[in-house]
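Asker: Here is a sequence with its predicted model. Questions after.
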Amino acid sequence: MVSIIPCDLHVHPDYSIDAGSSIKEYCVKARQIGLQTIGFSTHYDVNPARGAKDAFMVVDGEKTRVSDYTLERYIKDCREAQNLFPDLKILIGLEIDYFPGIETEVKRLRSDFSFDYFIGSVHCLDGIAMTSKNVVGDYLSSHSISEMADQYFELLFNVADCGLFDVIGHADYYLLPGLRYYGDDILNIHNDRLDRIVRAAIRTLTGFEINTSYLRKGGGDFYPRIEFLKTAIELGAKINSVGSDSHHTSHLGANINKSLNIIREYGIVFKPFYEND
């Protein structure tokens with residue numbers, strides 16, 4: 001018997017330039033694995049420092065500069081999928097790469113489009129993506145662990161403080177490159193830096209995400225790590241999203257139930273943001 005997976009709220013269809021499965025393909029897979037709610041979260045990366053690399057979506061198989069047209073097509077396809085799969089709750093979101101100044105654009109997106117939610121994520125430091133294995137070392141090798149942590153957590157504070165995002169995505173995304181360059185010292189950098197972020201998140205009703213992709217990438221935990229989560233929860237944070245960060249149907253739903261079972265063992269409450277409606 002297929003076990004029920006309540007939701008996967010961090011799913012990249014092939015509108016994202018680094019994803020490989022269509023909205024319809026995800027919906028078919030969602031039915032197969034017993035998923036009840038799927039949240040599509042196409043990348044929206046418009047940082048001027050990375051515009052030549054990231055500011056694109058894929059429409060009809062063509063890499064296209066991000067525009068209102070690409071967003072309208074994405075929304076249209078999600079709505080058509082909802083008609084085709086009425087038994088599946090489909091939410092339409094964006095994962096927005098945070099950089100200082102993006103707030104004006106996010107306000108416009110909230111006003112002009114009918115998105116269900118926004119994930120705010122810190123992917124880059126000084127215009128260098130933490131997933132860019134060939135270049136992230138240039139940043140990390142030229143910054144002390146404290147310098148990196150101060151910069152990263154300041155950006156994370158901005159995500160929580162602006163009140164424009166529903167979810168803070170993979171809050172310790174620095175983990176994999178940080179372990180390679182700084183060692184185990186990276187595991188504790190959140191301890192003295194989370195308090196003001198959580199206080200801001202409480203004020204703005206912004207929740208934290210459990211992102212299971214770290215397991216897929218060979219880690220033994222989630223983003224953020226359980227110890228990070230426990231610290232955040234003790235400070236008053238809310239967990240309102242869980243997602244696989246899928247970029248292909250083979251990732252969909254992966255380790256969602258495992259993550260929920262583990263956080264329940266720790267007494268951490270999970271209430272998805274869409275239940276607040």
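Answerer: Ah, there it is. For clarity, every value in this text was computed on a predicted model and none was experimentally measured. Residues are numbered from 1 along each chain as shown.
Asker: now the strands: where do they sit in the stretch 51-200 of the chain?
Answerer: With strands called from DSSP state E, counting those that start in this stretch, the stretch 51-200 of the chain shows them at 56-59, 62-65, 89-97, 117-121, 124-125, 128-129, 167-168.
Asker: right, so those: which one is the most enclosed?
Answerer: strand 167-168 (a mean of 28; mean count of other C-beta atoms under 10 Å). C-beta: built from backbone N, CA, C; applies to glycine.
Asker: Report all helices and strands that that one contacts.
Answerer: strand 117-121, helix 145-161, strand 207-211 (3 or more C-beta pairs under 8 Å, 6 or more residues apart in numbering; DSSP states H and E).
Asker: so which of the ones you listed gets nearest Thr70?
Answerer: strand 117-121 (16.3 Å; C-beta to C-beta).
Asker: which secondary structure elements does that closest one contact?
Answerer: strand 35-44, strand 89-97, helix 103-112, strand 167-168.
Asker: Can you give the strand pairings for the shortest one, parallel or anti for each?
Answerer: Strands that pair with strand 167-168, judged by DSSP bridges, come out as strand 117-121 (parallel), strand 207-211 (parallel).
Asker: Save the strands of the stretch 51-200 of the chain as CSV, and put in distance to His12 too.
Answerer: Shown next, in CSV, are the strands of the stretch 51-200 of the chain (distance: least, C-beta to C-beta, whole Å):
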stretch, distance to His12
strand 56-59, 11
strand 62-65, 15
strand 89-97, 7
strand 117-121, 11
strand 124-125, 17
strand 128-129, 15
strand 167-168, 15
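Asker: how about these, which one is nearest Lys107?
Answerer: strand 117-121 (10.8 Å).
Asker: what angle separates the closest one from helix 145-161?
Answerer: Interaxial angle of strand 117-121 relative to helix 145-161 (axes from the mean of the first three to the mean of the last three C-alpha atoms, to 10 degrees): 170 degrees.
Asker: out of the strands of the stretch 51-200 of the chain, nearest to Tyr15?
Answerer: Per C-beta to C-beta, nearest to Tyr15 of the strands of the stretch 51-200 of the chain: strand 56-59, 4.9 Å.
Asker: Direction included, what does that closest one pair up with?
Answerer: By DSSP bridges, strand 56-59 pairs with strand 62-65 (antiparallel).
Asker: coming back round to it: including distance to Tyr223 and mean pLDDT, could the strands paired with strand 167-168 go into JSON lines?
Answerer: Converted to JSON lines, the strands paired with strand 167-168 look like this (distance: least, C-beta to C-beta, whole Å; pLDDT from 0 to 100):
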{"stretch": "strand 117-121", "distance to Tyr223": "10", "mean pLDDT": "98"}
{"stretch": "strand 207-211", "distance to Tyr223": "4", "mean pLDDT": "98"}
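Asker: Redo those strands as TSV? Include distance to Phe165.
Answerer: Shown next, in TSV, are the strands paired with strand 167-168 (distance: least, C-beta to C-beta, whole Å):
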stretch	distance to Phe165
strand 117-121	3
strand 207-211	9
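Asker: Redo the helices and strands packed on strand 117-121 as CSV? Include distance to Ala237.
Answerer: Below are the helices and strands packed on strand 117-121 laid out as CSV (distance: least, C-beta to C-beta, whole Å):
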stretch, distance to Ala237
strand 35-44, 20
strand 89-97, 19
helix 103-112, 21
strand 167-168, 9
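Asker: Would you reformat these as JSON lines and include distance to Arg79 and mean pLDDT?
Answerer: Below are the helices and strands packed on strand 117-121 laid out as JSON lines (distance: least, C-beta to C-beta, whole Å; pLDDT from 0 to 100):
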{"stretch": "strand 35-44", "distance to Arg79": "11", "mean pLDDT": "98"}
{"stretch": "strand 89-97", "distance to Arg79": "8", "mean pLDDT": "98"}
{"stretch": "helix 103-112", "distance to Arg79": "16", "mean pLDDT": "98"}
{"stretch": "strand 167-168", "distance to Arg79": "21", "mean pLDDT": "98"}
